[in-house]
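Student: my questions concern the predicted model and sequence given below.
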Amino acid sequence: MPKITFYQLGNEINSLAEYDENLLDAARRAGLIIESPCNGNGTCGKCQVKIRAESGEERKVLACNTTVDQDIYVEIIDCQDGNNLQIKQDGQAHSLDVDSAITKIYFSAHDCTEVYHHGELIAVEAGNTAVETYGVVVDIGTTTLVVSLVDLITGKELDVTGALNPQSRLAQDVLSRIKYASNEAGLEEMHRLFRGELNRMIEDLVAGSSIDANRIYEVVFSGNTCMLHLAAKVNPAALGRYPYTPVIRGGNYLLAADLGIKAAVCARVYLPPIISAYVGADITAGILASRLESRQGVCLFIDIGTNGEMVLADNGKLAAASTAAGPAFEGMNISQGMRAVPGAIEAFKFESDGLRVVSTIGGKKAVGICGSGLLDLVAQLVSHGFVGKNGKFKQVAEDGKNSYLTINQGKIVFEVVEEVYLTQKDIRQVQLAKGAIRAGIEALLEHRGLSAAEVDKVLIAGSFGYHLNPESLIGIGLLPAEFRGKIEFLGNTSKTGGHAFLVNKEYRRQICDIVENVAVLELANIGNFDKLFVKCLEF
């Protein structure tokens, strides 16, 4: 069998290639992680490695579709996307009364402190630890993790940190994550990656705040339904097949120790209730943070990401839906797409004289395009006539100015800056993603017998959504023009809603009542949804 020598971050690992095994599988078997958001389907182009044969010939290949028949050296090109990732850590919140599920009583006669959870004795600690009472909120995004350390006596956040969700290196979107974790080995790997990164983040937070992790008594998980399954180490396979029935419904508690979380031995993990298989606890938290059920008029709440979740509130009556937008908005499945890190193009526009104005994160040299920059680019290309309503590149711009269109590997591309370009396939990926979300919005409005003009407020939640340009959202048709002037960005309501659940146990009871009364619109069951989706593909 051929010998494979892997190099990654200065380490060398030797392995023998199995028959007909690709480099991606061989690396995983050797315990190495190669970025592969599409889970080896050959569609994302992110698993590029540098190989060198014994002859000395070097070339770059995709690990997922490269097998070997001779001894070979493989350099795993370290992905920079996980470093300095731009993550929105705060969001809209309302004033909170502190009424934690955790209470403590110190008994001086015995010099011990009793710890209670919802009135149930869960631990007895030596000495007076009554003032050391902490909790953690974990916003489990498909792409990112945000962890907040909270004082349960004052209700105040002590510190917060964010990081890449390491699971995204193996499977970027929800559907590929479900597929990967549908067997025991895949589920174990997904949970191991999550647990390891969460514990590292908790360690950093407690060290920075000079507290003891053993004084963390409650953890709130806020994330979509699939992310909750993976965090709780529950097989998500049922979410990927009809009738899409979640194993976890939320509104319950788990032992943190059973999940390997670094906290007090007695610590509990609270899972907020979910709405459906694809409208999860992150949206439940968003409803709580935005007080959606209490708003007057018609209000649309949207979390734009790999899984476009939305809730329509009509004077307190809620209806929810979810669309599979895919990973394009996260920079994946885009030829030169990347996450929101320094050097990523985050904004783009044409000046009146046709000059391109490009903004990058950190002011660094442009090396790729992140989600917000991608939407700006496509919106500008559409409005200036480079791309038609059908999504196809035009040879010459309608205004007659320099089109900036060039030929790259035999195909027409739009050159954003030198060595960074947008392809026809990239445009199609944006088209599919925006069409899915717009179709969901239209279906929800039709379900309630409403028009876009009747919507009073549009609330956009999430780390990604916070960085978007409203005019770009309308320009590509992701949002109807009637929403202009009505858009408000809420930030990370998954975390702020989770914070509310953590510091006040009454909100947990209230949200269960709210969730029970949410009407869930299953778009797959709508007879004409395919026609609606095709209509919404137009720019």
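Tutor: Structure's in. What do you need? Since we're looking at a predicted model, the values are computed, not measured. Numbering: from 1, shown residues only.

Student: use CA for all of it now, contacts and neighbours both
Tutor: Will do.

Student: and the helices in the protein, which stretches?
Tutor: 23-29, 174-180, 184-209, 225-231, 281-290, 371-383, 424-447, 463-466, 470-475, 493-503, 506-516, 529-536 (DSSP state H).

Student: tabulate these in a markdown table, adding columns for distance to R484 and mean neighbour count.
Tutor: Shown next, in a markdown table, are these (distance: least, Cα to Cα, whole Å; neighbours: other Cα atoms under 10 Å):
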| stretch | distance to R484 | mean neighbour count |
| --- | --- | --- |
| helix 23-29 | 46 | 19 |
| helix 174-180 | 30 | 22 |
| helix 184-209 | 39 | 17 |
| helix 225-231 | 31 | 26 |
| helix 281-290 | 20 | 28 |
| helix 371-383 | 15 | 25 |
| helix 424-447 | 15 | 22 |
| helix 463-466 | 16 | 23 |
| helix 470-475 | 7 | 20 |
| helix 493-503 | 22 | 30 |
| helix 506-516 | 29 | 16 |
| helix 529-536 | 18 | 16 |
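
Student: tell me which of these lies nearest to K3.
Tutor: Closest to K3 of the helices of the chain, according to Cα to Cα: helix 23-29, at 10.7 Å.

Student: output the closest one as CSV - backbone C-alpha positions only.
Tutor: Backbone C-alpha positions of helix 23-29 (Å, rounded to 0.1, in the frame of the first residue of the first chain) are rendered in CSV as follows:
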residue,chain,number,x,y,z
LEU,A,23,-6.9,11.9,0.7
LEU,A,24,-9.7,13.4,2.7
ASP,A,25,-10.8,10.1,4.2
ALA,A,26,-7.1,9.1,4.7
ALA,A,27,-6.5,12.3,6.7
ARG,A,28,-9.6,11.8,8.8
ARG,A,29,-8.5,8.2,9.6
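
Student: pick out the shakiest of the helices of the chain, pLDDT-wise.
Tutor: Lowest mean pLDDT within the helices of the chain: helix 463-466, a mean of 69.

Student: so, low pLDDT: which residues of this protein?
Tutor: 37, 39, 43, 77-94, 395-403, 465-466 (pLDDT under 70).

Student: domain parsing for it?
Tutor: 3-78, 102-281 (automatic domain parsing).

Student: can you lay out these as JSON lines showing distance to L374?
Tutor: Shown next, in JSON lines, are the domains of the chain (distance: least, Cα to Cα, whole Å):
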{"stretch": "domain 3-78", "distance to L374": "16"}
{"stretch": "domain 102-281", "distance to L374": "17"}
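
Student: looking at these, which is closest to E418?
Tutor: Nearest to E418, of all the domains of the chain, is domain 3-78, at 20.2 Å by Cα to Cα.

Student: now the helices of the chain in TSV, with distance to I13?
Tutor: Output for the helices of the chain, formatted as TSV (distance: least, Cα to Cα, whole Å):
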stretch	distance to I13
helix 23-29	9
helix 174-180	24
helix 184-209	20
helix 225-231	29
helix 281-290	39
helix 371-383	35
helix 424-447	36
helix 463-466	37
helix 470-475	46
helix 493-503	39
helix 506-516	49
helix 529-536	48
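
Student: out of these, flag the one nearest V265.
Tutor: Closest among the helices of the chain, using Cα to Cα: helix 184-209, at 14.1 Å.

Student: what is that closest one packed up against?
Tutor: If contacts are counted by 3 or more Cα pairs under 8 Å, 6 or more residues apart in numbering; DSSP states H and E, helix 184-209 sits against strand 144-151, strand 157-164, helix 225-231.

Student: okay, now T323: neighbour count?
Tutor: Around T323 there are 25 other residues, counting by other Cα atoms under 10 Å.

Student: now for it: which residues touch it?
Tutor: Shown in contact with T323 (Cα atoms under 8 Å, 6 or more residues apart in numbering): 307-309, 436-437, 440, 523.

Student: go again with 10 Å.
Tutor: T323 makes contact with 278-279, 304-310, 433, 435-441, 522-524, according to Cα atoms under 10 Å, 6 or more residues apart in numbering.

Student: same deal with T67?
Tutor: Contacts of T67 (Cα under 10 Å, 6+ apart): 17-26.

Student: ok, the closest residue to K233 other than its chain neighbours to K179 distance?
Tutor: Counting by Cα to Cα, 6 or more residues apart in numbering, H191 is the residue found nearest to K233 once chain neighbours are left out, at 5.9 Å. Note on H191: its distance to K179, by Cα to Cα, to the nearest Å, is 14 Å.

Student: which residues does I369 bridge with?
Tutor: G337, I345 (DSSP bridges).

Student: what about it, how many neighbours?
Tutor: Count around I369 with other Cα under 10 Å applied: 32.

Student: distance of the residue nearest to Y180 when sequence neighbours are not counted relative to A257?
Tutor: Using Cα to Cα, 6+ apart and skipping the chain neighbours, the partner closest in space to Y180 is G186 (5.4 Å). Distance of G186 to A257, given as Cα to Cα: 21 Å.

Student: cool, and I460?
Tutor: Counting by Cα to Cα, the gap from I460 to A257 is 35 Å.

Student: and stretch 23-38, how far from the chain's centre?
Tutor: 21 Å (Cα atoms, centre = their mean, to the nearest Å).

Student: check stretch 374-394 too.
Tutor: Distance, centroid of stretch 374-394 to centroid of chain: 26 Å (Cα atoms, centre = their mean).

Student: any idea how far apart the tips of that stretch sit?
Tutor: Span of stretch 374-394 from end to end, Cα to Cα: 18 Å.

Student: nearest to E488, out of the helices and strands packed on helix 184-209?
Tutor: strand 144-151 (21.9 Å).

Student: neighbours around the nearest residue to H499 once chain neighbours are set aside, how many?
Tutor: Spatial nearest neighbour of H499, chain neighbours left out: V137 (6.1 Å); criterion: Cα to Cα, 6+ apart. Neighbours of V137 under the rule other Cα under 10 Å: 28.

Student: where's V137 relative to I283, distance?
Tutor: 15 Å.

Student: now A347. Nearest residue, chain neighbours left out?
Tutor: Per Cα to Cα, 6+ apart, closest to A347 is G373, 4.4 Å.

Student: please name the residues that touch the one you found.
Tutor: 329, 331, 337, 340, 344-349, 358-361, 379, 467-469, 472.

Student: repeat that for L532.
Tutor: L532 touches 435-436, 438-440, 442-443, 526, counting by Cα under 10 Å, 6+ apart.

Student: and the closest residue to L377 other than its chain neighbours, what is it in contact with?
Tutor: Spatial nearest neighbour of L377, excluding adjacent residues (Cα to Cα, 6+ apart): F348 at 5.7 Å. By Cα under 10 Å, 6+ apart, the contact set of F348 is 356-360, 372-380, 416.
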